[in-house]
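Trainee: return atomic coordinates for the entry below.
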Amino acid sequence: MKTKAAVLFKNKDLFQIKEIEVDELRSDEILVRIVGVGVCHTDEVIRQNEGLSPFPIILGHEGSGVVEQVGSGVDDFKIGDYVVLSFSFCSKCDTCISGHPNVCETFGDVNFLGKIPRQVSPYQHNGEKLNVFFGQSSFSQYCVVRANDAVKVNVDNEKELSLMGPLGCGIQTGCGTVLNALKPAVGDDILIAGAGGVGIAAVMGAKLAGCRNIIIIDILDHRLELAKSLGATHIINGKRQNLVEEVLKITNGKGVHFALDATGVTPLIVQQLHCIRTLGTMCIIGYARKIEIDLFQDIVLKCIRIVPVSEGNSIPKIFIPKLVELYKQGKLPFDKLVEFYDFNDINQAFNDSASGKVIKPILLMPK
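Mentor: Residues are numbered from 1 along each chain as shown. Okay, here's the model as predicted:
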């Protein structure tokens, strides 16, 4: 079949809306008509950096849509089902079997390098194969997905469904990191760095967990104010305030039980280490690379745990339906982060996300 997709032909390029061809389904796959897809910072990281994923590629990994076709070997989905698409995993390796699909032994290969089980991408443009991203490539009106990587969701209509895509990555990552990985006790203090989609989702998760002081740092006031309206008890503007001084003041000199970095800014990670109390935890989920720290002074003396987390330590088929229910109960109002864009305005959506104007753009697909 033919459909339209936003193709990225090389790094740092603009997205180009092109007509592409989509291959027939394999037995373990479903065809999903995308109704909405979130723009995630990870998409921008791939766009700006050569070597992380192969080009040309169709990005997009926060898709939500309607099942249009079902492979012969699929028995847990039917045509018309509403689904959210999440990360891809093999379900066969030791880590998957132990309940940790977010660190599947093939995670990098299947999600970033396009080494999918079907071996060959189902997408092509003018005879050239287009690489697959996160097993979905949902910057496309139709996408081919393994049934393993889709989650059935209970929503009322396609309008509500169009909002749900970010549950597959950004919201799942932020909220899940707090609820599934850190598991703070009621009354614990937490510091969150970065008031983007992941960071504010972590704020909402911390509120659900019953944290006492929920502190967030960013450099954009409008993001900080939104975070405060959604559960942050204290906001810190890193341009005007000293992070360590403010956190120690808030916690009576003791520091926080948990610091969660959603920025990847290495000097800020070092500052966060200085905000953590003895026996506390530093959690890193941002795209951070090299960092210089004094292991003895910053970590060993205070017995601080360093905990990296991927995809909120989530099992999507279990956690995403829980997030949907929390949203419907008014306890996870992630819609407050969202601005909708027409699919054709994808480059504007990316610009607005990169500038900080918009926290979570969602692209709406034409019917």
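Trainee: can you confirm Leu323 is in a strand?
Mentor: No: counting by DSSP: H, G, I helix; E, B strand; the rest coil, Leu323 is located in no strand; its state is helix.
Trainee: tell me how far it lies from Ser314.
Mentor: Counting by Cβ to Cβ, to the nearest Å, the gap from Leu323 to Ser314 is 9 Å. Quick note: C-beta positions are derived from backbone N, CA and C, even for glycine.
Trainee: which neighbours do those two share?
Mentor: Shared contacts of Leu323 and Ser314 (Cβ atoms under 8 Å, 6 or more residues apart in numbering): Gln172.
Trainee: name all residues that make contact with Val151.
Mentor: Val151 touches 83-86, 168, 316-317, 320-321, counting by Cβ under 8 Å, 6+ apart.
Trainee: the residues you listed in helices, which ones?
Mentor: Per DSSP state H, helices hold the following members of the contacts of Val151: 316-317, 320-321.
Trainee: closest to His222 out of these?
Mentor: Of all those, His222 sits closest to Ile320, with 28.4 Å by Cβ to Cβ.
Trainee: looking at the ones in helices among the contacts of Val151, which one is closest to Asn102?
Mentor: Set against Asn102, the nearest of the ones in helices among the contacts of Val151 by Cβ to Cβ is Pro316 (8.7 Å).
Trainee: any idea how far the closest one lies from Thr42?
Mentor: Counting by Cβ to Cβ, the gap from Pro316 to Thr42 is 16 Å.
Trainee: also Phe9?
Mentor: For Phe9, the distance to Thr42 - Cβ to Cβ - is 19 Å.
Trainee: now do the helices in the protein.
Mentor: Counting by DSSP H, the helices of the chain are 41-48, 94-97, 107-111, 158-161, 170-176, 197-209, 221-229, 243-250, 266-273, 316-328, 346-355.
Trainee: pick the most buried one from the ones you listed.
Mentor: Mean neighbour count (mean count of other Cβ atoms under 10 Å) peaks for helix 170-176 among the helices of the chain, with a mean of 29.
Trainee: which helices and strands sit right next to that one?
Mentor: Taking 3 or more Cβ pairs under 8 Å, 6 or more residues apart in numbering; DSSP states H and E as contact, the helices and strands that helix 170-176 lies on are helix 197-209, helix 316-328.
Trainee: format the ones you listed as TSV; extra columns: mean pLDDT and distance to Phe55.
Mentor: Listed next are these as TSV, based on pLDDT from 0 to 100; distance: least, Cβ to Cβ, whole Å:
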stretch	mean pLDDT	distance to Phe55
helix 197-209	99	25
helix 316-328	98	27
